[in-house]
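Engineer: Let's see this in three dimensions:
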Amino acid sequence: MRDARPLVDALREPASAEALNGSQWTDLISIARAESLIGSLAHRLKQVTVPDRVRAVLQDAIEAHDLARSQALWEADCAQRALADYPGKIVLMKGTAYVAANMSAGVGRSIGDLDIMVAREDLTVVETALLDAGWEWVKPDPYDDQYYRDHMHELPPLIHRERDRMIDVHHTILPLTAGPTPNAGAILNSAVRLDNGLYVMAPADMVLHSIGHLFADGDLAGGLRNLWDINHLLRDFSAADEEFWAQLDSRAKVHGLVDELARALRLAAALYDTPVDPSLAGRPALTDSLYVRRLLARDGYGRETRKFTRFAFYVRSHWLRMPPLMLARHLWTKWRKAGKP
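Structural biologist: Now for the predicted structure:
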């Protein structure tokens with residue numbers, strides 16, 4: 001396989017996988033693992049006829065996801081108990097939010113760190129409570145610590161000393177130095193309360209968080225998985241509420257993510273055949289093909305390919321995060337520190 005297109009095809013239309021031969025199955029599974037989509041693929045292929053040895057691999061992936069789901073919910077519960085005296089909203093984010101809210105985006109979804117969002121003015125209270133409950137800093141370096149606090153959308157990451165599980169405490173959804181400036185207060189005000197007392201973002205904000213993370217912040221690493229999330233969110237929310245597209249348009253303007261929304265809609269439709277509102281997606285852009293090229297940059301072994309394209313998006317991600325002088329100073333500082341023992 002020259003790129004990750006077969007994985008996209010199998011996710012979009014599971015029956016297409018029945019035509020694969022032995023080596024193609026090996027390639028598909030390798031790519032799915034590399035893109036952290038093996039659990040999603042396994043669930044999509046549940047009703048498809050596959051070779052016995054492939055079925056065993058897919059079943060292992062389903063069981064691993066079931067365990068990861070339980071661990072994610074347990075970790076969210078641990079954080080909630082640690083913050084029992086905190087009166088503000090604790091908003092779950094990303095994969096943990098999807099599984100806690102029983103959303104289709106959570107089915108088979110790989111989940112790593114626990115991500116939560118709280119009000120920025122409450123960071124000190126939340127930080128102190130988590131440290132008292134057994135979390136400790138992953139990045140003890142003073143420069144990294146100050147950089148996170150001054151410029152990022154989250155505290156430096158914390159890890160629990162006994163459970164070895166990480167938590168990222170956000171106060172907004174994009175770095176403070178990024179171009180778009182999402183309205184964190186609006187996100188918290190509109191957050192939806194779950195039965196357990198935790199919160200998740202409102203539908204439009206949840207979609208825009210995923211879109212912002214993919215197109216306004218990073219270098220598209222993990223992009224196929226994030227776009228698969230977006231595909232599910234768009235399908236579910238638009239089916240449940242006929243006013244969803246209008247709400248999505250309105251919130252994109254609030255958060256300054258209109259262009260990123262349009263790009264995400266076009267790419268989701270192109271790769272996953274996601275039904276989208278054409279008025280929000282806009283006309284295809286010449287650069288859309290470059291994004292597709294970057295998203296599909298894997299070979300049949302799951303290895304990264306298209307190094308120049310990846311490097312270009314890596315440079316783009318840093319350019320988006322900070323102004324040129326700040327970027328130069330940051331890279332210079334990191335380079336100098338890298339040479340020290």
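
Engineer: Where does pLDDT dip in the stretch 51-200 of the chain?
Structural biologist: 139 (pLDDT under 70).

Engineer: Spell out, range by range, the helices that occur in it.
Structural biologist: With DSSP state H, counting those that start in this stretch, the ranges of helices along the stretch 51-200 of the chain come out as 52-82, 94-100, 123-132, 142-151, 184-190.

Engineer: Just the element for the residue positioned nearest the centre of the chain, please.
Structural biologist: Computing the C-alpha centroid of the chain and ranking residues by Cα atoms, centre = their mean puts residue 226 first, at 5.1 Å. Per DSSP states H and E: residue 226 is located in helix 223-240.

Engineer: Next secondary structure after that helix?
Structural biologist: Immediately after helix 223-240, counting by DSSP H and E, sits helix 244-255.

Engineer: Please list the residues outside that following helix that contact it.
Structural biologist: The contact list for helix 244-255, computed with Cβ atoms under 8 Å, 6 or more residues apart in numbering, reads 173, 180-183, 186, 203-205, 207-208, 212, 237-238, 241, 258, 260-261, 277, 280. Yep, even glycine has a C-beta here, placed from its N, CA and C like the rest.

Engineer: Please convert the buried members of those into ChimeraX selection syntax.
Structural biologist: To isolate the buried members of the contacts of helix 244-255 in ChimeraX, using 16 or more other Cβ atoms under 10 Å:
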select :173,180,182,183,203,204,205,207,208,212,237,238,258,260,261,280
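
Engineer: Run through the strands of this protein in chain order.
Structural biologist: The residue ranges that make up the strands of the chain, judged by DSSP state E, are 91-92, 114-117, 135-137, 158-160, 166-170, 192-193, 199-200.

Engineer: Give me the buried stretch members for the third one, please.
Structural biologist: If I follow you right, that is strand 135-137. For strand 135-137, using 16+ other Cβ under 10 Å, the buried residues are residue 135.

Engineer: Can you name the residues in contact with that strand?
Structural biologist: So strand 135-137 is in contact with 82, 145, 156-161, 167, going by Cβ under 8 Å, 6+ apart.

Engineer: which two in those are spaced the farthest apart?
Structural biologist: 82 and 145 (20.7 Å; Cβ to Cβ).

Engineer: which one of the two has more residues nearby?
Structural biologist: Comparing residue 82 with residue 145 by other Cβ atoms under 10 Å, the one with more neighbours is residue 82, at 19 against 14.

Engineer: Not counting residues beside it along the chain, what's closest to that one?
Structural biologist: Nearest residue to residue 82 in three dimensions, chain neighbours excluded: residue 133, at 3.6 Å (Cβ to Cβ, 6 or more residues apart in numbering).

Engineer: what number of residues lie near residue 316?
Structural biologist: Residue 316 has 14 neighbouring residues, counting by other Cβ under 10 Å.

Engineer: tell me the contacts of it?
Structural biologist: Counting by Cβ under 8 Å, 6+ apart, residue 316 touches residue 219.

Engineer: I'd like to know how far it sits from residue 266.
Structural biologist: Going from residue 316 to residue 266 by Cβ to Cβ, to the nearest Å gives 18 Å.

Engineer: Likewise for residue 26?
Structural biologist: For residue 26 relative to residue 266 (Cβ to Cβ), the value is 32 Å.

Engineer: out of those two, which sits in the busier spot?
Structural biologist: Taking other Cβ under 10 Å, residue 26 and residue 266 do not tie; residue 266 has more neighbours (22 against 18).

Engineer: In this structure residue 6 contacts residue 29, no?
Structural biologist: No: assessed by Cβ atoms under 8 Å, residue 6 is found out of contact with residue 29, at 10.6 Å.

Engineer: who's more crowded, these two?
Structural biologist: A side-by-side neighbour count of residue 6 and residue 29, using other Cβ under 10 Å, places residue 6 first with 22 against 19.

Engineer: which phi and psi does the nearest residue to residue 36 once chain neighbours are set aside have?
Structural biologist: Here the nearest residue to residue 36 in space, its sequence neighbours aside, is residue 110; by Cβ to Cβ, 6+ apart that works out to 4.2 Å. Main-chain torsions, residue 110, degrees, to the nearest 10: phi -70, psi 140.
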